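Student: predicted structure and sequence below. I'll ask about it afterward.
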Amino acid sequence: MIVRQVPWRPERQIMSDQRRSEDVRHRIREVCSPRAGNEGAAPQKERRGMGLRVDLPQDEAKNSTQLLILAVYGRYSRLLGGWSSVADLITLMERLGVPAQATRSAVDRMTRRDLLMPQRRGTVRGYAATAKARLVFDEGDEVVYAPRQPAPLEDGWVIVSFSVPEAEREKRYTLRKRLVWLGMGQLDSGLWIAPARVLPSVLKWVRRLGLEQYVDAFTARHEGLGDTPALARRAWNLEGLALAYDTYLRAWSPVLTAVREAGGDCEPGDAFAVHTLALEQWMRFPYLDPGLPTVLLPADWRGEAARELAHELRRLLENRAFEYVAATVGVPPGR
């Protein structure tokens, strides 16, 4: 479910998350108001039009809009036939705070990237997820919400070395980007490392890209002479990832508290907004976090706390969010 045009840069994403955090803190009491009749409750009539307004920095908006569209198709639309009319998609994206023109522009870019394809149903214009996008969704299902324990240190490592010629530099760039999304860290130019359990995914993607002749993969144990935790800090930006986890928790912990206080009784459109925005922010972490052995992580590592929060928001909001999407597109939600 993850597609990015550029490798992840923690400092830019953290800036985006901080903007979202401020917005969420101001709006969450409106988004998930208490039941009517409770003190401070907003009347149902007023609540129907409410949703989270998200203001992203200019340099993050394009990528984020595409990720949100992927989240909408991957989490909802594919369970309703994998197609959405242009009008319905714009309605859903406006609920997420994305203007219609930004949605149209993002759809155009995603069509050029073979993630969406134009498809008419009668006289209605719309877009369907491509085979490439469906593959992304299927693989994302195995990663984004899958339970994962830290890798045992005794299992060792996978080391990947590659040298792709300049004539195929686009494939070289794609390989580097994919290694990042597999959670691999860079030891040196063309030399990457990850817990050994990543090996099957590495081999699959190297073959898919047709780069077998340029890549060597090894399994190994770290016998010294350096310090293993220091090696991990050199290969991965653990400080940046830890800060991103902390930012995610600061942004969404008050949201979870408000949802719980409301007994999960969010209006479906608001449940859709909260669930989808939280998902869009969460779904990058399972790819970027290599799942290192616990002994190599900082003492205050909060990755597991962030995972539990994401899963709890999903449990409380996903069904009502799906109801909203089904009602918007006019399809019964019988899953």
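Tutor: Thanks, I have it.
Student: the helices in the stretch 151-300 of the chain, which residues?
Tutor: With helices called from DSSP state H, counting those that start in this stretch, the stretch 151-300 of the chain shows them at 169-181, 199-209, 228-235, 238-261, 268-282, 285-288.
Student: please name whichever of those is nearest to Lys132.
Tutor: Nearest to Lys132 among these is helix 199-209; the distance by Cβ to Cβ comes to 11.2 Å. Quick note: C-beta positions are derived from backbone N, CA and C, even for glycine.
Student: still on that earlier bit, quick one: closest of the helices of the stretch 151-300 of the chain to Asp88.
Tutor: helix 268-282 (12.6 Å).
Student: by contact count, what packs against the closest one?
Tutor: Packing contacts for helix 268-282, counted by 3 or more Cβ pairs under 8 Å, 6 or more residues apart in numbering; DSSP states H and E, involve helix 10-31, helix 58-75, helix 86-95, helix 238-261, helix 303-329.
Student: for that helix, C-alpha coordinates in CSV please.
Tutor: Extracted C-alpha coordinates of helix 268-282, given in CSV (Å, rounded to 0.1, in the frame of the first residue of the first chain):
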residue,chain,number,x,y,z
PRO,A,268,-19.5,7.8,9.9
GLY,A,269,-18.0,10.6,7.8
ASP,A,270,-15.9,11.8,10.8
ALA,A,271,-14.9,8.2,11.5
PHE,A,272,-13.8,8.0,7.9
ALA,A,273,-11.7,11.1,8.2
VAL,A,274,-10.0,10.2,11.4
HIS,A,275,-9.4,6.6,10.4
THR,A,276,-8.0,7.4,7.0
LEU,A,277,-5.7,10.2,8.1
ALA,A,278,-4.3,8.1,10.9
LEU,A,279,-3.8,5.2,8.5
GLU,A,280,-2.0,7.4,5.9
GLN,A,281,0.4,8.5,8.6
TRP,A,282,0.8,5.1,10.2
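Student: got the buried residues for that helix?
Tutor: Neighbour counts using 16 or more other Cβ atoms under 10 Å place 268-282 of helix 268-282 among the buried residues.
Student: picking that back up, using a markdown table, please lay out the helices of the stretch 151-300 of the chain together with mean pLDDT and distance to Glu304.
Tutor: What follows is the helices of the stretch 151-300 of the chain, written out as a markdown table (pLDDT from 0 to 100; distance: least, Cβ to Cβ, whole Å):
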| stretch | mean pLDDT | distance to Glu304 |
| --- | --- | --- |
| helix 169-181 | 87 | 21 |
| helix 199-209 | 90 | 22 |
| helix 228-235 | 86 | 17 |
| helix 238-261 | 90 | 9 |
| helix 268-282 | 89 | 13 |
| helix 285-288 | 85 | 11 |
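Student: save these as JSON lines, and put in distance to Arg134 too.
Tutor: As requested, the helices of the stretch 151-300 of the chain are exported to JSON lines (distance: least, Cβ to Cβ, whole Å):
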{"stretch": "helix 169-181", "distance to Arg134": "18"}
{"stretch": "helix 199-209", "distance to Arg134": "15"}
{"stretch": "helix 228-235", "distance to Arg134": "33"}
{"stretch": "helix 238-261", "distance to Arg134": "27"}
{"stretch": "helix 268-282", "distance to Arg134": "18"}
{"stretch": "helix 285-288", "distance to Arg134": "18"}
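Student: most tightly packed of those helices?
Tutor: The highest average neighbour count among the helices of the stretch 151-300 of the chain, using mean count of other Cβ atoms under 10 Å, belongs to helix 268-282 at a mean of 25.
Student: where does the residue nearest to the spatial centre of the chain land on pLDDT?
Tutor: With distances taken as Cα atoms, centre = their mean, Met283 lies nearest the centre of the chain, 2.4 Å away. At Met283, the model reports a pLDDT of 84.
Student: chain neighbours aside, what residue packs nearest to it?
Tutor: Val144 (4.8 Å; Cβ to Cβ, 6 or more residues apart in numbering).
Student: quick one, what contacts Trp301?
Tutor: Neighbouring residues of Trp301 by Cβ atoms under 8 Å, 6 or more residues apart in numbering: 242, 245.
Student: go on, Pro293?
Tutor: Pro293 is in contact with 150-153, 195, counting by Cβ under 8 Å, 6+ apart.
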